[in-house]
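> What follows is a predicted protein model with its sequence.
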Amino acid sequence: MSKVNASAESVLVVVAPDFGEKLRAIPGGRPVWITMSSANEPIVRSLWESRDSTNHLTGTTGFRFDSEISAEDRFRAELDAIDLHHGPYSSTSPYTEIKGVGARLTAEILADLSDLGFTNFTETEDGFAAKRTHEEAMRRRE
C-alpha cells in the first residue's frame, strides 16, 4: 500500500471559536477538525465547496460547538473520533502528531493523549502539540 501524504500524519484540532479566516491559510490535504462556531462554520462550508478532499484522511471535519463546554472539554470529546478516523483502524500510516489550537494542555488532555501513546508534549502560544512514534501509532488499543 502506498503511504498517505505526510501532512496526513499530523492532525490539527481547532477548538478556538474565533479561528475563522485563519482556516483558509491551512493547505488543502491537511486533516483539520474544527468546532463549528458562528465564526468558523461559514469558512468551513466555503472550503468544503472549493477544495477537494482526496480521501477520508484529509480535508476538514466540523464538529459541534457548545459555548457552555470549555475548549479543553471540546478537544477531549472529539479525541476518540479523531483517533478512530486517523489511527490504525483507518490508516496504514496513522497520525503521529496532533496539534490543538485554542485549548490548554491540561492534566486531563495529557492523560488522554498518553493513553493513545503520545509521549512528547509541547505547549505553544495558541495551544499545544503532542507526538508519538510510528510504532506507537500503529498499536491498536481496546
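Alright, I've got the coordinates.

> could you show me where the strands are in the chain, in order?
Along the chain, counting by DSSP state E, strands occupy 10-14, 32-35, 60-63, 97-101, 120-124, 127-131.

> Work out the sheet partners of the second one and label each with its direction, please.
For strand 32-35, the pairing partners within the sheet under DSSP bridges are strand 10-14 (parallel), strand 60-63 (parallel).

> Figure out which of the ones you listed is closest to Asp126.
strand 10-14 (9.5 Å; C-beta to C-beta). The C-beta positions use only the backbone N, C-alpha and C, and glycine is treated the same way.

> the inter-axis angle of the closest one versus strand 127-131?
160 degrees (axes from the mean of the first three to the mean of the last three C-alpha atoms, to 10 degrees).

> For strand 10-14, report the contacting residues that lie outside it.
23, 26, 30-35, 40, 75, 78, 82, 86, 95-103 (C-beta atoms under 8 Å, 6 or more residues apart in numbering).
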